[in-house]
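**Q** Predicted coordinates and the sequence they were generated for:
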Amino acid sequence: MTSLNHVRRGSGEPLLLIHPLGADIVVWEPVLEPLSAQRDVIAVDMPGFGGSPALANGTDPTPYALAAALGRFLDTLGLERAHVAGNSLGGWVALELAKAGRALSVTGLCSAGFWTRPLGPRGGPDVRRIGRRLLPLVPALARSAGGRRLLLRTSVGYPERVPPEAAARLVRSYVTSPGFEAANAAMRAGVLSDAERIDVPVTLAWGELDRLIRRPRTKPEHWRTVLLRGCGHIPTWDDPAQVSRALLMASS
């Protein structure tokens, strides 16, 4: 298979990091240094996002199919299993990797897939199309704290903490990722199932300020739950130290 775009740092047990829908490996930049001090950290762009090509042959990018592609990616690195952490859709994909026997542990940050029934198509204005029209203005907006709050207020608890270049890149990835529409439709058409097949430690970490995903009412009783205080849906910029501690503890 064509290799997926990724960065790899550090040494120790392998820890695969999977970004949210519409993002790329930029979301992990705040935690790469503390994590790589204790883990062999691999942050990867999922197929159709960042610098990675889409799935071959028009394969529907369901969480299962994305996990299968990441399993093949682990093969290219010579890794049978790794600790896996994912944010939002990435959390669901991480759980699918565990079901496939490729995970040593799973950490889901504000994980998708725990809704009780498929979400179905999303209504309202086409935010991505509007965003593409406004894309030339994004770098200037991102230079001010107020502009970053306007751009990222639904996804980050404290957008002013996101560096301007990272904020602009996150917005650009969201509005231009070729894999977004298909992955979003596939995500909203299903729910996480067969969680009982997962036989490795699972930690679900939920952002206290998350505006996009609600915590599930039920989960397997042996799964651990963590509250990320003062953190939004994408928590890595809100509190890198807290998120790093959670990821290291869950993968120990």
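**A** Received it, and whenever you're ready, just let me know what you need.

**Q** So, low pLDDT: which residues of the chain?
**A** 1-2 (pLDDT under 70).

**Q** What ranges does the stretch 101-250 of the chain have for its strands?
**A** Secondary structure of the stretch 101-250 of the chain (DSSP state E, counting those that start in this stretch): strands at 103-109, 202-207, 224-228.

**Q** Return the most buried member of the ones you listed.
**A** strand 103-109 (a mean of 26; mean count of other CB atoms under 10 Å). (C-beta placed from N, C-alpha, C; glycine too.)

**Q** who's in contact with residue 110?
**A** Applying CB atoms under 8 Å, 6 or more residues apart in numbering, we find residue 110 in contact with 87-88, 91, 205-207, 210, 212-213, 233-235.

**Q** In PyMOL, select just the buried ones from these.
**A** Selection of buried members from the contacts of residue 110 for PyMOL, criterion 16 or more other CB atoms under 10 Å:
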select buried, resi 87+88+91+205+206+207+210+213+233+234+235
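
**Q** ok, of the contacts of residue 110, which one's closest to residue 173?
**A** Of all these, residue 173 sits closest to residue 234, with 11.6 Å by CB to CB.

**Q** how many neighbours does residue 100 have?
**A** Neighbour count of residue 100, defined by other CB atoms under 10 Å: 15.

**Q** residues contacting it?
**A** By CB under 8 Å, 6+ apart, the neighbours of residue 100 are 67-68, 71.

**Q** Which of the residues you listed has the largest number of neighbours?
**A** Neighbour max across the contacts of residue 100 (other CB under 10 Å) = residue 67, 25 neighbours.

**Q** Tell me if that one really is in a strand.
**A** No: counting by DSSP: H, G, I helix; E, B strand; the rest coil, residue 67 is not part of a strand but helix.

**Q** Not counting sequence-adjacent ones, nearest residue to it?
**A** Nearest residue to residue 67 in three dimensions, chain neighbours excluded: residue 96, at 3.5 Å (CB to CB, 6 or more residues apart in numbering).

**Q** ok, how many other residues are close to the residue nearest to residue 25 when sequence neighbours are not counted?
**A** Distance criterion CB to CB, 6+ apart; nearest residue to residue 25, sequence neighbours excluded, is residue 43 at 4.3 Å. Neighbourhood size, residue 43 [other CB under 10 Å]: 26.

**Q** Residue 43 reaches residue 35, doesn't it?
**A** No: using CB atoms under 8 Å, residue 43 is not in contact with residue 35, being 9.2 Å away.

**Q** Which neighbours do the two have in common?
**A** Taking CB under 8 Å, 6+ apart as the criterion, residue 43 and residue 35 both touch residue 17.

**Q** which stretches of the stretch 151-252 of the chain form helices?
**A** 164-176, 180-188, 240-250 (DSSP state H, counting those that start in this stretch).

**Q** can I get the CA coordinates of the last one in CSV?
**A** Only the C-alpha atoms of helix 240-250 are listed here, as CSV (Å, rounded to 0.1, in the frame of the first residue of the first chain):
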residue,chain,number,x,y,z
PRO,A,240,-1.1,19.7,26.7
ALA,A,241,0.2,18.6,30.1
GLN,A,242,-3.1,17.1,31.2
VAL,A,243,-3.7,15.3,27.9
SER,A,244,-0.2,14.0,27.9
ARG,A,245,-0.6,12.6,31.4
ALA,A,246,-3.8,10.9,30.4
LEU,A,247,-2.3,9.3,27.3
LEU,A,248,0.8,8.1,29.1
MET,A,249,-1.3,6.7,32.0
ALA,A,250,-3.7,4.9,29.7
